[in-house]
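*Asks:* Just need the structure, nothing else, for what follows:
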Amino acid sequence: MRKGFTIIELVIVIAVISILIGIALPRFKGMRDEGNIAKVKGELRTLQTAIESYYSHNNNTYPATTGAALETALSTAVPNIIDYVPTDPFSSTGIDYGYVLGGTDDKYYIVYSDGPGQNGSVVITDDAVVETNGDSCIYVSNMSSDTQP
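*Replies:* Prediction:
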């Protein structure tokens with residue numbers, strides 16, 4: 001009687017392991033997206049606090065309307081508010097979070113991520129309502145809860 005596995009037994013074990021890996025891999029991507037969503041929400045809250053701090057220390061004005069200007073304004077503010085604006089983990093090009101300033105006298109802002117679908121964006125309408133484009137946008141704003149979707 002020989003000890004060890006036959007080739008058939010080894011092939012079956014490899015096939016079973018391959019099937020289990022095939023089932024598990026899609027779940028890992030979903031878990032990575034969930035982790036990135038939590039990361040985005042935390043970073044957006046941090047940016048919202050930084051923008052509000054900038055507003056209170058700069059004669060009640062918000063930073064300029066582009067993401068690059070936002071980073072410059074927040075990182076060079078006195079007192080120091082934030083060292084850098086984090087990069088959106090859902091951005092395929094490695095860019096910072098989006099930033100929109102609008103409404104009457106530029107008194108409303110939105111900081112947003114493209115989201116897991118990488119197709120999200122937002123605008124502030126003339127009547128101070130947030131409109132999202134795409135199905136995966138994640139954002140924070142200083143607008144009251146009755147004007148947010």
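
*Asks:* Confirm Tyr112 sits in a strand?
*Replies:* Yes. Looking at Tyr112 with DSSP: H, G, I helix; E, B strand; the rest coil, it is inside a strand.

*Asks:* Who is it paired with across the strands?
*Replies:* Counting by DSSP bridges, Tyr112 is bridged to Gly98, Tyr139.

*Asks:* What are the boundaries of the strands in the chain?
*Replies:* Secondary structure of the chain (DSSP state E): strands at 98-102, 108-113, 121-124, 130-133, 138-141.

*Asks:* Can you give the distance of the last one from its chain's centre?
*Replies:* Its chain's average C-alpha position is 9 Å from that of strand 138-141, according to Cα atoms, centre = their mean, to the nearest Å.

*Asks:* which strands and helices sit next to that strand?
*Replies:* If contacts are counted by 3 or more Cβ pairs under 8 Å, 6 or more residues apart in numbering; DSSP states H and E, strand 138-141 sits against helix 7-57, strand 108-113, strand 130-133. To be clear about C-beta, it is placed using only N, CA and C from the backbone, and glycine gets the same treatment.

*Asks:* Need the mean per-residue confidence for that strand.
*Replies:* Mean pLDDT, strand 138-141: 89.

*Asks:* which outside residues touch it?
*Replies:* In this structure, residues lying in contact with strand 138-141 by Cβ atoms under 8 Å, 6 or more residues apart in numbering are 37, 40-41, 44-45, 47-48, 108-113, 115, 120, 122, 130, 132, 148.

*Asks:* Keeping just the C-alphas, turn that strand into PDB.
*Replies:* This file holds the C-alpha atoms of strand 138-141, laid out as PDB (Å, rounded to 0.1, in the frame of the first residue of the first chain):
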ATOM      1  CA  ILE A 138     -20.500  61.300  -1.300                       C
ATOM      2  CA  TYR A 139     -20.500  64.900   0.000                       C
ATOM      3  CA  VAL A 140     -20.600  67.300   2.900                       C
ATOM      4  CA  SER A 141     -22.000  70.800   2.800                       C
END
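
*Asks:* Cheers, nothing more for now.
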